[in-house]
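[1] how would this look folded up:
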Amino acid sequence: MKATDNNVVGNRIRSLRESKGITQVEMCSHFGITQSNYGRLEKCDKRIDIQQLAIFGKVLDTSVEYLLFG
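    Below you'll find the predicted structure:
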């Protein structure tokens with residue numbers, strides 16, 4: 001990640017998702033949203049709420065703390 005990148009959480013999510021071989025389409029099923037709406041979550045982490053962070057943590061086998069703080 002670049003030091004100037006303001007989308008830190010979204011980038012962590014994308015990186016974990018890709019490392020686990022999970023597609024955006026597969027992630028959509030956990031959130032009940034379309035792929036385009038899911039893509040917006042990864043691109044603009046300001047859209048992600050705490051409930052969604054908990055789902056990301058469960059699906060990606062990580063903690064909310066890691067997603068937020070690294």
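[2] need the contact list for residue 37.
    Neighbour list for residue 37: residue 28 [criterion: Cβ atoms under 8 Å, 6 or more residues apart in numbering]. Backbone N, C-alpha and C define where each C-beta goes, glycine included.
[3] what about it, distance to residue 53?
    Taking Cβ to Cβ, to the nearest Å as the measure, residue 37 falls 16 Å from residue 53.
[4] likewise residue 16?
    Distance from residue 16 to residue 53, by Cβ to Cβ: 12 Å.
[5] Can you tell me the number of residues neighbouring residue 60?
    Using other Cβ atoms under 10 Å, residue 60 is surrounded by 20 other residues.
[6] ok, now residue 46?
    By other Cβ under 10 Å, the residues close to residue 46 number 10.
[7] now swap in residue 9 and tell me
    Residue 9 has 21 nearby residues by other Cβ under 10 Å.
[8] thought it was touching residue 66?
    No - if you go by Cβ atoms under 8 Å, residue 9 and residue 66 don't touch, sitting 10.0 Å apart.
[9] Need the single longest helix in the protein, by residues.
    In the chain, assigned by DSSP state H, the helix with the most residues is helix 8-19.
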